[in-house]
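In: The following comprises the amino acid sequence and a computationally predicted model.
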Amino acid sequence: MSGAAVMDGPLLDFFRAARGAGLRISPAESIDAVRAVEVVGFEEREALRDTLSLVLAKTPAEKRAFAECFERFFRRGSFADDELTPPPAAATPEGSPAGGEGEGGGSALGRMLLANDQAALAAEVEAAAAAVGLVNIAIFTQVNLFTRRMLDRMGLAALEREIAATQDADRANRLRTGRDRLRERVRDFVQQNLLLFAEGKNQEFRERLLTQTRLSAIDRRDHERMRVLVRAMAKRLATQYGRPRKRDRRGVLDVRRTLRRNMGWEAIPFLPVWKQERIDKPKLVVLCDVSGSVAPLAQFLLLFLYSLNEALAGLRAFAFSNSLIEVSEILERLPIEKAIPEVLQRIGFGSSNYGQALADFEAGWLGILDSQTTVIILGDGRGNRNPARSEILRRMAERAKQVVWLNPEPRTLWGTGDSDMPRYAPHCRVTAVCNSLQHLERVISGLLRDGA
Amino acid sequence: MVPPWHEKLASIEATEAGLQSAGYIPSRPISTALYLAHHLQKPILVEGPAGVGKTELAKAAASWLGLGLIRMQCYEGLDESKALYEWKYGKQLLYTQILKDRMGAVLGEEPGLDAAMRRLHGVSDLFFSEEFLEPRPLLKALRQPEGAVLLIDEVDKADQEFEAFLLELLSDYQVSIPEIGTVRAEVAPIVLLTSNSQRDLGDALKRRCLHLHIGLPEPRLEARIIAARVPGIAEALRRQLVAFVQQMRTLDLKKLPSVSETIDWARVLVLLHVRELDPALVRETLNVLLKFESDIEAVEPRIAELLQAARSEAVPVR
């Protein structure tokens, strides 16, 4: 099939490059792309770009990434016709064609360099790139490695020998400049490929790693990237759950709507219509421990929740270490990057006292809990041997719809040392380990799905 | 089977010219999309802001190709009985009543229940046959002998389940009806789905479609669109008006005016016999372009400034 011929060609490399640029291209889509290119043809670059963009890029963001990648990819092919085109001054243009005949004895690479045969050189570079698998380049430290491998493959060793053996000083000189120039060009070529194929891959790898890393262990310089990730996650959940949702209560007949639906055939109920219940958007009250050990997690939880606002009916946030304050206002007023330090400055980094925090909440805000509210408590439950006051949590649980406790510590540590988790756990509907973005997303999407 | 209109879609250029003859000025990606949709037999998913001509594209394609336009508006709670087919229950009921007597006559001679049963099996599919099938838009589109343009409008408004239901139709141009079997399109219709990105569509759906994003047009294209849509407009006014709208789109507004608003505005100006834009006139007709009170308030004080910028920017159109 003619498709196979197209598939072997640059299109396959382009898919790889496009994947590198962050486009998700499934095998089915690559087959479509090949078929589309068969219809449209390679001749016209603009038509090719429009075509591939239609088949491969499925969101405005992807369209942009695609356009960039397309330009970069097809610019890469211009190895042949760039700056090198004017014959190098050293290769005294017309002076040596006679001598050129005599040069036939040298290595193939040497001949090409002396003749300044750009097309052949470009072809050689491409062939060498394919032979050493340049498209698999992943990180910048591999640039030297790949450059050397490609030069080896092109016959650098033979060229070196030729240079060493040449008696003619002028010829040796020209070979040497040719070699240096070639080395530079190949290096540039490799670097371009690194940009093309590896950038997206690295980013993707890093992001995947970040979602799984313990939040407390994440480097400060990665925080910006994390925020972007968190916002993206929240946006995904918000689009999914932002609309009012209903579900059928199968078995409970909605008589009025059933009659209306079946009016066409004298109200004989061919099509039963069930009563529906609305899935409420959750109304959340969040209590975050912002003492040293839990603070990083609290930061991301709050960011997550505040990015979700269209999927939530209400959100009030409290922070505590040894006493508790409401921080909703700070979080709404300031961007999260500034809000968190401010919260921490007001209250953070003390030693946590859960009993006191719960007592503060009961004294000040118990009234805001009602049968629609979900209370989320984020903390390790380590109260530094202060009284646990779990009876307050019980009273809160009675007033609220449910209490969810998120604990960054692994379950095996609950109850060891000064951890009061076993005392609090009976009053919580859900207790969950939560110390990475992945955990966070799972817990929150669970809450949204069931309309907490 | 090759449909008679296959010839018309012979090349991207022919597609472009064809759409233009139907009064739709396409950008290059748009005509490429339509061309590919036919040759690859794939639906087009059209996304973009409201009023850039997503629905219009389907209409233009239908009128150019001389095909019927079958339109299905999506909404929450849309299900297959409204989208695909429905049994004519009333007719079924009526027929059973009428045929009741005949039944006795048919079965009367048979000795014993078994024999009667066997005889009944012979006519069992009587009531679930083509006769009693009420085709809805999707089925109608598949059964057009000449092919059709099927417009599934605002697919993002429908539920996720409905999206999943569309997949079979979109990938193979066929649907399964349990009682009858699989209905396959003789001539694959040209399918356009539109979306205003109210929610993100599923990957499975996107994967089966060509994805066309129509953005707000650049000045030259917009000027050509206005020329095609509002033939009576003077060249100078058209240039000014497009430049003004383009200027307005650089502002931070709740809803940027799109092509349909520009066209409406141009029509209004023609009706008012306007020769040249001036601030007072713009202020009076601003509500044609902007649909939010807050947007109008934001633009009003800057009209003179925008007009000034528009005058210096106005591009000559061929």
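Out: Nice, thanks for sending it over.

In: Mind naming the longest helix for the chain?
Out: Using chain A. helix A:169-212 (DSSP state H).

In: meant chain B, my bad for not saying
Out: Per DSSP H, chain B has its longest helix at helix B:89-108.

In: Toward the C-terminus from that helix, list the very next helix or strand.
Out: helix B:113-122 (DSSP states H and E).

In: quick one: average pLDDT of the next helix or strand after that next one?
Out: Proceeding C-terminally, helix B:113-122 gives way to strand B:133-135 as the next helix or strand, assigned by DSSP H and E. Strand B:133-135 comes out with an average pLDDT of 87.

In: Give the pairing partners of strand B:133-135; include direction for each.
Out: If you go by DSSP bridges, strand B:133-135 pairs up with strand B:85-87 (antiparallel).

In: from the middle of its chain, how far away would the partner strand be?
Out: Centroid displacement of strand B:85-87 relative to its chain, using Cα atoms, centre = their mean, to the nearest Å, is 23 Å.

In: Report the contact partners of residue A:353.
Out: Shown in contact with residue A:353 (Cβ atoms under 8 Å, 6 or more residues apart in numbering or on different chains): A:321-323, A:383-384, A:386. C-betas here are computed from N, CA, C, even on glycine.

In: 6 Å - rerun?
Out: The contact partners of residue A:353, by Cβ atoms under 6 Å, 6 or more residues apart in numbering or on different chains, come to A:322, A:383, A:386.

In: which residues of the chain fall in strands?
Out: Picking chain A for this. In chain A, the strands defined using DSSP state E lie at A:245-253, A:274-279, A:283-289, A:314-320, A:324-326, A:373-378, A:402-407, A:430-433.

In: you looked at the wrong chain, it should be chain B
Out: Counting by DSSP E, chain B has strands at residues B:44-47, B:69-73, B:85-87, B:133-135, B:149-153, B:174-177, B:181-184, B:190-195, B:210-213.

In: could these be laid out in JSON lines, adding mean neighbour count?
Out: Below are the strands of chain B laid out as JSON lines (neighbours: other Cβ atoms under 10 Å in any protein chain shown):
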{"stretch": "strand B:44-47", "mean neighbour count": "24"}
{"stretch": "strand B:69-73", "mean neighbour count": "19"}
{"stretch": "strand B:85-87", "mean neighbour count": "18"}
{"stretch": "strand B:133-135", "mean neighbour count": "15"}
{"stretch": "strand B:149-153", "mean neighbour count": "26"}
{"stretch": "strand B:174-177", "mean neighbour count": "15"}
{"stretch": "strand B:181-184", "mean neighbour count": "12"}
{"stretch": "strand B:190-195", "mean neighbour count": "26"}
{"stretch": "strand B:210-213", "mean neighbour count": "24"}
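
In: I'd like those strands as a markdown table, with distance to residue A:444 appended.
Out: What follows is these, written out as a markdown table (distance: least, Cβ to Cβ, whole Å):
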| stretch | distance to residue A:444 |
| --- | --- |
| strand B:44-47 | 28 |
| strand B:69-73 | 34 |
| strand B:85-87 | 41 |
| strand B:133-135 | 44 |
| strand B:149-153 | 33 |
| strand B:174-177 | 38 |
| strand B:181-184 | 42 |
| strand B:190-195 | 26 |
| strand B:210-213 | 30 |
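
In: Which of those strands sits closest to residue A:49?
Out: strand B:210-213 (13.6 Å; Cβ to Cβ).

In: Show me which residues of the stretch 1-150 of chain B are close to chain A?
Out: B:28-29, B:32-33, B:36, B:39-40, B:89-90, B:93 (Cβ under 6 Å from any Cβ of the partner chain).

In: quick one: contacts for residue A:315?
Out: So residue A:315 contacts A:284, A:305 (Cβ under 6 Å, 6+ apart).

In: ok, it to chain B distance?
Out: As judged by Cβ to the nearest Cβ, to the nearest Å, residue A:315 and chain B stand 22 Å apart.

In: For stretch A:164-175, measure first residue to last.
Out: 10 Å (Cα to Cα, to the nearest Å).

In: For residue B:212, list each beta-bridge partner.
Out: Applying DSSP bridges, one finds that residue B:212 bridges with residue B:46.

In: Give the full set of residues in contact with it.
Out: By Cβ under 6 Å, 6+ apart, the contact list for residue B:212 reads B:33, B:44, B:46.

In: Output the below-cut-off pLDDT ranges for the chain.
Out: No chain was given, so I picked chain A. Residue ranges of chain A with pLDDT under 70: A:1-9, A:76-106, A:199-204, A:213, A:215-221, A:243, A:310, A:348-349, A:451-452.

In: look at chain B instead
Out: Using pLDDT under 70, chain B drops low at B:1, B:108, B:122-125, B:314-318.

In: So it: which segments form each domain?
Out: B:4-81+B:136-213, B:85-132, B:219-310 (automatic domain parsing).

In: just to revisit the earlier point, for the longest helix of chain A, packing partners?
Out: Contact here means 3 or more Cβ pairs under 6 Å, 6 or more residues apart in numbering or on different chains; DSSP states H and E; on that basis helix A:169-212 packs against helix A:12-20, helix A:143-153, helix A:156-165, helix A:437-449.

In: ranking these by burial, who's on top?
Out: helix A:12-20 (a mean of 21; mean count of other Cβ atoms under 10 Å in any protein chain shown).

In: now that one and helix A:169-212, what's the angle there?
Out: Relative orientation of helix A:12-20 and helix A:169-212, computed by axes from the mean of the first three to the mean of the last three Cα atoms, to 10 degrees: 40 degrees.

In: which strands and helices sit next to helix A:12-20?
Out: Secondary-structure packing of helix A:12-20 (3+ Cβ pairs under 6 Å, 6+ apart): helix A:60-76, helix A:169-212.

In: Tell me the gap between it and the middle of its chain.
Out: 17 Å.

In: same thing with stretch B:219-236?
Out: Worked out by Cα atoms, centre = their mean, stretch B:219-236 lies 24 Å from the chain centre.

In: One more: stretch B:298-314?
Out: With Cα atoms, centre = their mean as the basis, stretch B:298-314 stands 35 Å off its chain's centre.

In: Can you show me the CA trace of that stretch as CSV?
Out: Only the C-alpha atoms of stretch B:298-314 are listed here, as CSV (Å, rounded to 0.1, in the frame of the first residue of the first chain):
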residue,chain,number,x,y,z
ALA,B,298,-16.7,50.1,29.1
VAL,B,299,-16.6,51.0,25.4
GLU,B,300,-18.7,54.2,25.4
PRO,B,301,-16.1,56.6,26.8
ARG,B,302,-13.5,55.2,24.4
ILE,B,303,-15.4,55.4,21.2
ALA,B,304,-13.6,58.5,19.8
GLU,B,305,-10.3,57.0,20.6
LEU,B,306,-11.2,53.7,18.9
LEU,B,307,-12.5,55.5,15.9
GLN,B,308,-9.3,57.4,15.6
ALA,B,309,-7.3,54.2,15.8
ALA,B,310,-9.6,52.5,13.3
ARG,B,311,-9.2,55.3,10.7
SER,B,312,-5.5,55.0,10.8
GLU,B,313,-5.6,51.3,10.6
ALA,B,314,-8.3,50.8,8.0
